[in-house]
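A.B. asks: I'd like to go over a predicted model; first the sequence, then the structure.
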2 protein chains.
Amino acid sequence: MTENDKLTEEKIFESATVVFINKGMDGTRMKDIADHAGINKALLHYYFRTKERLFNAVFEKIAGTMFRKFAPVFDKDLSLDDKIRFFFREHITFLQQNPGLPGFFINEINRNPERIKKFLSKIDIKSLWSMLCAQHGEELKKYNITEETLPQIMVSIASMSVFPFAARSVLEGLFGKMGIDFTQFIEERKTFAADFILKALKE
Amino acid sequence: MTENDKLTEEKIFESATVVFINKGMDGTRMKDIADHAGINKALLHYYFRTKERLFNAVFEKIAGTMFRKFAPVFDKDLSLDDKIRFFFREHITFLQQNPGLPGFFINEINRNPERIKKFLSKIDIKSLWSMLCAQHGEELKKYNITEETLPQIMVSIASMSVFPFAARSVLEGLFGKMGIDFTQFIEERKTFAADFILKALKE
DNA sequence: ATATAGTTTAACTAATGAGTCAAATATATA
DNA sequence: TATATATTTGACTCATTAGTTAAACTATAT
């Protein structure tokens, strides 16, 4: 039954995604995935021959999802200001729903740096770049954004959004004593980060 | 011989530090550490009974080193401006010399969030906090920094410095095509980050 | 009802890696 | 040099885990 086939395969894939995100490649046992999917180990190997194949499939999917979240920055028809506000609102909301992604991702790109480099070679970053310049040439000039500072700014924007989730337990450890709630901190960060970046860009 | 003892123990500890940073707890074999130290596996267990004990010792040391790097922010006698410039210069230089630390650290705090929370409970963050307020009360007011935004700003500062190292392979993957060199990007970041933060703080 | 193809399983193998230990070696001391 | 003590090792055990396989189960078509 191809119908049921798909269901089982998807169920395994989703379970693998959850377990891999929480425990990483090295920390995950095939048994954990089988248990989570409510099936047994051999069936896992029936659908995905090896742990590595299963992990690669999961990683590719996750990497795709993560990078697609940056896409609106390039193709939405908004002013630079609005794009930055839009980005932080949407991206942090996405990470609220997937708080384990940054930790998982950083772990895996350090465990196997070549994989992500190969993955990124598929992305035509230069055309995204010139698209951005074409869309916002005026604003970029107004904000004194040069070819040299643009990468620094982009990395800063990504840092502001991603880092707090990657360092969550540290922040919780520090915040606990001061009566700050991580969840609320993140909620406030959606607007804080946008305002902060925009203030840094404007004279 | 207690003298020789110390030497061997230190040699093991340093080897363990190097290997753990590069491969993480899960990815490290006791054999790897023994080989790196030029001794055999049993001797490892003679000095550090289990892998977990050895790892904990290494982790505590590293966590201590990392957090001590933030100390000058609290006890140097500098203006807020100079402190921020000083911080990025010193902290990024430290990470240039230890580029694997952020990845290692983020990996381990996600693998075992409780450990770092216990570690942080030893730090009296509240007194550091009020120290900062006492030192820079005037400037904080001038820059419109409130009790609500201070945590957001601190996290932003840490993000700007740490994140590029944690995401190094991603940046290298993206930069490669654009003719940007990671090493140079980091060098420039020492001043860029300070200027960027200060501009965001000033009206 | 029975044969067939598609699913699922329990029990297995083989490899790996943490941790142990008795014996060997080196070192210090008398 | 002989003895005692400290240090180091090779070879082991035991537990865990990825991956295999033969058999059992299920649904459907004839």
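C.D. replies: All right, it came through fine. Residues are numbered from 1 along each chain as shown, chains lettered A, B, ... in the order given.

A.B. asks: make it CA atoms for all contacts and neighbour counts henceforth
C.D. replies: Fine.

A.B. asks: now the spatially most central residue of chain A, what's its secondary structure?
C.D. replies: Residue closest to the average C-alpha location in chain A (C-alpha atoms, centre = their mean): residue A:66, at 3.7 Å. Of the three states, residue A:66 takes helix according to DSSP: H, G, I helix; E, B strand; the rest coil.

A.B. asks: and it, how far is that from DNA strand C?
C.D. replies: Noted for residue A:66: a distance of 30 Å to DNA strand C, by C-alpha to the nearest atom of the strand, to the nearest Å.

A.B. asks: Tell me who's in contact with that residue.
C.D. replies: By C-alpha atoms under 8 Å, 6 or more residues apart in numbering or on different chains, no residues touch residue A:66.

A.B. asks: change it to 10 Å
C.D. replies: Contact partners of residue A:66, counting by C-alpha atoms under 10 Å, 6 or more residues apart in numbering or on different chains, are A:60, A:91, A:94, A:95, A:101, A:102, A:105.

A.B. asks: which among the residues you listed are in contact with chain B?
C.D. replies: Contacts with chain B within these, counted by C-alpha under 10 Å from any C-alpha of the partner chain: A:102, A:105.

A.B. asks: What sits closest to residue A:169 if chain neighbours are left out?
C.D. replies: Leaving out its chain neighbours, the residue that sits closest to residue A:169 by C-alpha to C-alpha, 6 or more residues apart in numbering or on different chains is residue B:113, at 5.5 Å.

A.B. asks: Kindly apply the preceding question to residue A:197 instead.
C.D. replies: Closest to residue A:197 by C-alpha to C-alpha, 6+ apart is residue B:200, at 6.7 Å.

A.B. asks: Mind telling me what element that neighbour is part of?
C.D. replies: Per DSSP states H and E: residue B:200 is located in helix B:182-201.

A.B. asks: can you list the residues of chain A near DNA strand D?
C.D. replies: A:28, A:29, A:30, A:31, A:41, A:42, A:45, A:49, A:50, A:51, A:52 (C-alpha under 7 Å from any atom of the strand).

A.B. asks: Whichever of these end up buried, select them in PyMOL.
C.D. replies: Filtering those down to the buried ones (16 or more other C-alpha atoms under 10 Å in any protein chain shown) takes a single PyMOL command:
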select buried, chain A and resi 28+29+30+41+51
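
A.B. asks: Could you dump the residues of chain A next to DNA strand D into JSON lines with pLDDT added?
C.D. replies: Putting the residues of chain A next to DNA strand D into JSON lines (pLDDT from 0 to 100) gives the following:
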{"residue": "A:28", "pLDDT": "94"}
{"residue": "A:29", "pLDDT": "94"}
{"residue": "A:30", "pLDDT": "94"}
{"residue": "A:31", "pLDDT": "92"}
{"residue": "A:41", "pLDDT": "87"}
{"residue": "A:42", "pLDDT": "84"}
{"residue": "A:45", "pLDDT": "90"}
{"residue": "A:49", "pLDDT": "88"}
{"residue": "A:50", "pLDDT": "92"}
{"residue": "A:51", "pLDDT": "94"}
{"residue": "A:52", "pLDDT": "93"}
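
A.B. asks: Also near DNA strand C: which of the residues of chain A next to DNA strand D, exactly?
C.D. replies: Within the residues of chain A next to DNA strand D, those near DNA strand C by C-alpha under 7 Å from any atom of the strand are A:41, A:42.

A.B. asks: hmm, which of the contacts of residue A:66 are the buried ones?
C.D. replies: Buried members of the contacts of residue A:66, scored by 16+ other C-alpha under 10 Å, are A:91, A:95, A:101, A:102, A:105.

A.B. asks: Tell me the confidence at the third one?
C.D. replies: The reference is to residue A:101. For residue A:101, the pLDDT comes out at 97.

A.B. asks: Then residue A:203?
C.D. replies: The model reports residue A:203 with a pLDDT of 68.

A.B. asks: Okay, now the unreliable bits of chain A?
C.D. replies: Where chain A drops to pLDDT under 70, the residues are A:1-6, A:203.

A.B. asks: Show me what the longest helix seen in it is packed against.
C.D. replies: Longest helix of chain A, by residue count under DSSP state H: helix A:2-27. Counting contacts by 3 or more C-alpha pairs under 10 Å, 6 or more residues apart in numbering or on different chains; DSSP states H and E, helix A:2-27 packs against helix A:30-37, helix A:41-47, helix A:51-68, helix A:101-111, helix B:2-27, helix B:101-111.
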